[in-house]
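S.K.: pasting the structure only:
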């Protein structure tokens, strides 16, 4: 796939995340990303006429059709270790569709466990 820039890449990855959430039957979901420009683009219509506008519209449409509630939220990179590990796993995978319905790789399980609790302030 030919990607024009980082935002295009993030939008394509986001559509894959939406597809994954649909495939596992999620009903209420919060999508988090450390790509602030993508979250800003999904939460407004400002980018709809941009090159990636069709991807953004498709993502919002799929969310409206498939989830009873959804939200697009920015999170700091430090809070997105699981996302980065998943991205590395996807890049190193020989398959175009890295999806598992039951048992994720053990490294991801460990990260999810550590990501579930916010440090006390």
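M.R.: Perfect, thanks for sending it. All values derive from a computational prediction rather than experimental measurement.
S.K.: pLDDT weak spots in this protein?
M.R.: By pLDDT under 70, the low-scoring segments of the chain are 1, 80-81, 83-84, 86-87, 89-101, 104-108, 111-121.
S.K.: buried sites along stretch 51-68?
M.R.: By 16 or more other Cβ atoms under 10 Å, the buried positions in stretch 51-68 come out as 52, 55-56, 59-60, 62-63, 66-67. Where C-beta positions appear, they are placed from N, C-alpha and C, glycine not excepted.
S.K.: which one of the residues you listed is nearest residue 27?
M.R.: Within those, the smallest distance to residue 27 is 6.2 Å, found for residue 67 (Cβ to Cβ).
S.K.: show me the contacts for the closest residue to the closest one other than its chain neighbours.
M.R.: In space, and not counting its chain neighbours, residue 67 is closest to residue 29: 5.5 Å by Cβ to Cβ, 6 or more residues apart in numbering. With contacts defined as Cβ atoms under 8 Å, 6 or more residues apart in numbering, residue 29 is in contact with 21, 63, 67, 69-71.
S.K.: Next: residue 14.
M.R.: Applying Cβ under 8 Å, 6+ apart to residue 14 gives the contacts 31, 33, 38, 42, 55, 59.
S.K.: Following element in sequence after the host helix or strand of it, please.
M.R.: Here residue 14 sits within helix 6-23, counting by DSSP states H and E. Past helix 6-23, further along toward the C-terminus, the next helix or strand under DSSP H and E is strand 28-33.
S.K.: Take the buried residues of stretch 51-68 and keep only those in helices.
M.R.: Per DSSP state H, helices hold the following members of the buried residues of stretch 51-68: 55-56, 59-60, 62-63, 66.
S.K.: And the residues you listed, which is closest to residue 17?
M.R.: Using Cβ to Cβ, those come closest to residue 17 at residue 59, 9.0 Å.
S.K.: Please verify my assumption that that closest one contacts residue 11.
M.R.: Yes. Between residue 59 and residue 11 a contact is recorded at 7.2 Å, counting by Cβ atoms under 8 Å.
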